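Q: model this:
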Amino acid sequence: MNRQIAIIGSSGGNLYNLGGKDPGKLLDEILMQMESAGLSCAAVQFIAAQASMDNVKDSTPAVLYGWNSSQEMPVILAEGTLAQINVEAEKQDRVIAEQIELGEIDGLIVMSSDPKGSNRHAIEAAAKFRLPVTGTGGTSMAMIQSKGAHVISASGTTGTTNRTRAVTFVTSLSKHWRLPYRPVIGQAQKAQISAGVSSPWKRINIRGIMMASLPGFIGMALILAVSKIPGLSGLSEVFDLMIKALPVILAVIAAKQVSELDEVSIVAGIVAGVLSVEGGMIGGIIGGIGAGIIVHYIFRKCVEWRFPATTVNIVAGGISGLVAGLIVYFLIAPVALSAGEGIRLLIETLVSWSPPIAGLIAGLLIWPAIIGGVYHAAILPIVLLEMETTSNSFLGAVDMVGLVMVSAGITLANIIAPRDKGEAAVAAPGFAINMGFGTFVEAAYPFMFSNKLVFAGAIASAGLGGMLVGLFGVRGTAYVPSFIGPITSNNTVGFLIAMAASMLSSFLITFLANKVSRYRGNTKHSITM
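A: The predicted structure is shown next:
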């Protein structure tokens with residue numbers, strides 16, 4: 001008998017910009033990968049809002065998806081405001097929890113869930129029966145871990161796509177149950193044509209384009225780090241080449257996201273990107289968006305005119321990329337390049353007035369920014385613009401010391417001296433990811449949100465780290481292993497000092513807060529006795 005899986009969650013905040021706004025396609029990708037592994041869907045509870053969850057209101061229109069077992073496909077169970085949908089979702093949550101109780105569900109796939117609200121009963125039932133849970137959404141997955149669920153894989157959403165998420169989910173479950181699984185590469189050409197029916201203009205999302213391109217920037221930073229090793233200085237030429245390639249990467253991502261035509265849009269994006277290199281990052285994005293829009297309409301027209309499939313790809317991909325790229329090359333590139341330089345100059349000017357104060361302010365604000373959903377919308381794009389020319393940035397260094405190292409300090413304290421033994425198991429994976437990959441700072445959320453002193457300590461420690469970044473004039477990046485961060489920076493010693501200071505500060509504050517909490521708990525217990 002096939003393993004039965006429940007898919008739960010929502011279109012999310014960051015997820016909304018990386019596939020969550022198209023729930024049908026998101027769910028189809030997961031189901032397609034599940035089928036390849038011999039997994040069956042037993043239930044779906046997915047809340048799809050018409051805006052990012054970072055900016056929704058109770059009145060925001062939303063839809064609740066469920067599972068039709070007879071048709072074996074996701075269906076819309078309810079439509080209305082988000083407040084109304086949440087009520088219906090809680091009912092569906094109880095139904096899924098009952099299915100778990102009855103042994104009808106063997107595992108969970110979770111995306112941007114609400115473990116304290118619309119997914120509470122299902123998560124608690126999964127924890128009770130030790131069902132394997134895999135998913136994305138930094139905040140929600142940290143909460144799920146804190147509830148004692150058997151999480152076999154967890155990550156944030158930045159840099160993922162529908163396909164990479166689906167493959168990760170199914171790979172984790174397949175390995176857990178030792179099932180054979182080979183990822184499938186996509187739907188047929190006819191399905192691709194159908195995917196292009198909706199307006200490409202609605203799929204333009206600058207933030208999503210830049211976040212999906214992040215691995216290219218990190219690769220550039222790693223090349224810079226390796227080039228500093230004695231005997232490998234020749235790699236500096238590779239670094240210069242990669243800087244020129246960044247607009248091409250952005251153009252490809254933009255064209256693919258806007259057109260959703262996979263290989264055809266990739267070709268168009270490459271052609272447009274090569275011609276947009278002189279416009280820098282902004283030129284690459286504009287060229288890619290233009291290619292994506294043009295390829296969408298040319299592709300449809302070629303199909304309507306019954307061109308052979310090969311000719312469709314050649315005409316749509318080649319001509320679209322050429323038209324968009326030539327427009328950027330002759331008209332937009334100088335303006336785009338000046339705009340990017342202007343943004344970088346503004347950041348440098350603000351920092352130069354008083355580097356320690358600028359670092360302090362950035363550090364104090366970075367936790368409220370990521371908690372409030374501002375980080376991915378504003379800070380990350382600026383980090384990438386800074387990295388375009390030197391592979392490191394002021395805000396990138398603040399990110400590493402203020403978020404990653406502070407989260408590592410908090411989780412380390414909860415491994416060494418937790419308030420109770422269960423918290424150590426929750427903290428350990430987060431600490432390992434923080435140190436090993438430079439991401440998943442949301443691992444600190446359960447401890448920050450449950451203790452005001454830890455929360456205040458996180459902000460203060462981030463401020464301290466940011467101030468030291470400014471004091472030493474550090475430029476660096478996050479999203480890399482902690483031991484690589486200093487190597488990729490312009491000031492290895494200064495970055496090490498800033499990272500160590502913020503991590504030690506958050507560790508000591510959390511250690512003290514846990515001791516106080518345990519002391520108060522013991523005192524209350526003694527009085528009760």
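
Q: Strands of the protein, start to end?
A: Counting by DSSP state E, the chain has these strands, from start to end: 4-10, 40-49, 61-68, 73-81, 107-111, 132-136, 150-155.

Q: Tell me which of these lies nearest to residue 290.
A: Residue 290 sits nearest to strand 40-49 of all the strands of the chain, at 28.9 Å, using C-beta to C-beta. All C-beta spots, glycine's among them, are computed from the backbone N, C-alpha and C.

Q: circling back to that earlier point, could you export the strands of the chain as JSON lines, including mean neighbour count, mean pLDDT and distance to residue 179?
A: Shown next, in JSON lines, are the strands of the chain (neighbours: other C-beta atoms under 10 Å; pLDDT from 0 to 100; distance: least, C-beta to C-beta, whole Å):
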{"stretch": "strand 4-10", "mean neighbour count": "25", "mean pLDDT": "95", "distance to residue 179": "12"}
{"stretch": "strand 40-49", "mean neighbour count": "23", "mean pLDDT": "95", "distance to residue 179": "12"}
{"stretch": "strand 61-68", "mean neighbour count": "20", "mean pLDDT": "94", "distance to residue 179": "21"}
{"stretch": "strand 73-81", "mean neighbour count": "15", "mean pLDDT": "94", "distance to residue 179": "23"}
{"stretch": "strand 107-111", "mean neighbour count": "27", "mean pLDDT": "95", "distance to residue 179": "11"}
{"stretch": "strand 132-136", "mean neighbour count": "26", "mean pLDDT": "91", "distance to residue 179": "12"}
{"stretch": "strand 150-155", "mean neighbour count": "20", "mean pLDDT": "85", "distance to residue 179": "13"}
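
Q: Make a markdown table from these and add distance to residue 402 to it.
A: Formatted as a markdown table, those follow (distance: least, C-beta to C-beta, whole Å):
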| stretch | distance to residue 402 |
| --- | --- |
| strand 4-10 | 28 |
| strand 40-49 | 30 |
| strand 61-68 | 34 |
| strand 73-81 | 37 |
| strand 107-111 | 27 |
| strand 132-136 | 23 |
| strand 150-155 | 20 |
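
Q: And these: which comes nearest residue 229?
A: strand 150-155 (29.7 Å).

Q: ok and that closest one relative to strand 132-136, angle-wise?
A: Per axes from the mean of the first three to the mean of the last three C-alpha atoms, to 10 degrees, the angle that strand 150-155 makes with strand 132-136 is 20 degrees.

Q: from the chain's centre, how far out does strand 150-155 sit?
A: 15 Å (C-alpha atoms, centre = their mean, to the nearest Å).

Q: Just want the angle from it to strand 107-111.
A: 30 degrees.

Q: Restricting to C-alpha, output strand 150-155 in PDB.
A: Extracted in PDB, the C-alpha atoms of strand 150-155 (Å, rounded to 0.1, in the frame of the first residue of the first chain):
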ATOM      1  CA  HIS A 150       9.400  14.400  13.900                       C
ATOM      2  CA  VAL A 151      10.800  16.900  11.400                       C
ATOM      3  CA  ILE A 152      13.000  15.100   8.900                       C
ATOM      4  CA  SER A 153      13.900  18.200   6.800                       C
ATOM      5  CA  ALA A 154      13.200  21.900   7.200                       C
ATOM      6  CA  SER A 155      14.400  25.100   5.600                       C
END
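
Q: what pairs with it, and is each one parallel or antiparallel?
A: In the sheet containing strand 150-155, its partner strands are strand 132-136 (parallel), by DSSP bridges.

Q: got the angle between the strand it pairs with and strand 4-10?
A: In terms of direction (the same axes, to 10 degrees), strand 132-136 departs from strand 4-10 by 30 degrees.

Q: contacts for strand 132-136?
A: 9, 15, 106-113, 123, 126, 141, 144, 149-157, 160, 165, 168-169, 172-173, 176-177 (C-beta atoms under 8 Å, 6 or more residues apart in numbering).

Q: ok, now with 7 Å
A: The contact list for strand 132-136 (C-beta atoms under 7 Å, 6 or more residues apart in numbering) reads 15, 107-111, 126, 141, 144, 149-157, 160, 165, 169, 172-173, 176.

Q: Please compute how far that strand lies from its chain's middle.
A: 15 Å.

Q: and if you look at stretch 360-380?
A: 15 Å.

Q: how about it: buried residues?
A: 360-367, 369-371, 375-377, 379-380 (16 or more other C-beta atoms under 10 Å).

Q: Could you pull up the residues touching residue 449?
A: residue 455 are the contacts of residue 449 under C-beta under 7 Å, 6+ apart.

Q: tell me which residues form a beta bridge with the nearest residue to residue 42 once chain neighbours are set aside?
A: In space, and not counting its chain neighbours, residue 42 is closest to residue 4: 3.7 Å by C-beta to C-beta, 6 or more residues apart in numbering. Residue 4 has the following beta-bridge partners by DSSP bridges: residue 40.

Q: Ok, the one 5 residues further on next?
A: Here residue 9 sits in beta bridges with residue 46, residue 111, going by DSSP bridges.

Q: hang on, residue 2 packs against residue 37?
A: No: assessed by C-beta atoms under 7 Å, residue 2 is found out of contact with residue 37, at 9.2 Å.

Q: okay but the residue nearest to residue 42 is in contact with residue 108, surely?
A: No: using C-beta under 7 Å, residue 4 is not in contact with residue 108; the gap is 10.5 Å.

Q: next one: phi and psi at residue 417?
A: phi -140, psi 70 (degrees, to the nearest 10).

Q: ok, it touching residue 511?
A: Yes: with contact defined as C-beta under 7 Å, residue 417 reaches residue 511; the gap is 5.3 Å.

Q: Would you mind checking which helix or strand in the protein has the lowest mean pLDDT?
A: helix 189-195 (a mean of 39; mean pLDDT, DSSP states H and E).

Q: Now do the buried residues in the longest helix along the chain.
A: Ranked by residue count under DSSP state H, the longest helix found in the chain is helix 492-528. Across helix 492-528, burial judged by 16+ other C-beta under 10 Å covers 492, 494-499, 501-507, 509-511, 513-514, 517.

Q: what do you get for stretch 343-360?
A: Those would be 343-344, 347, 351, 355-356, 358-360, for stretch 343-360 by 16+ other C-beta under 10 Å.

Q: Show me which of those residues is closest to residue 212.
A: residue 343 (20.1 Å).

Q: Next one, pLDDT for the closest one please.
A: Note on residue 343: pLDDT of 74.

Q: my guess is it meets residue 386, correct?
A: No: in this structure residue 343 lies outside contact range of residue 386 using C-beta under 7 Å: 8.5 Å.

Q: contacting residues around residue 226?
A: Counting by C-beta under 7 Å, 6+ apart, residue 226 touches 232, 235.

Q: now it: how far from residue 241?
A: According to C-beta to C-beta, to the nearest Å, residue 226 and residue 241 sit 14 Å apart.

Q: so which of the strands of the chain comes closest to residue 436?
A: strand 150-155 (12.3 Å).

Q: Residue 168: how many residues sit nearby?
A: Residues near residue 168, counting by other C-beta atoms under 10 Å, number 19.

Q: Not counting sequence-adjacent ones, nearest residue to it?
A: residue 153 (6.6 Å).

Q: The one you found and residue 203: what is the separation?
A: 28 Å.

Q: And residue 127, by the same measure?
A: 37 Å.
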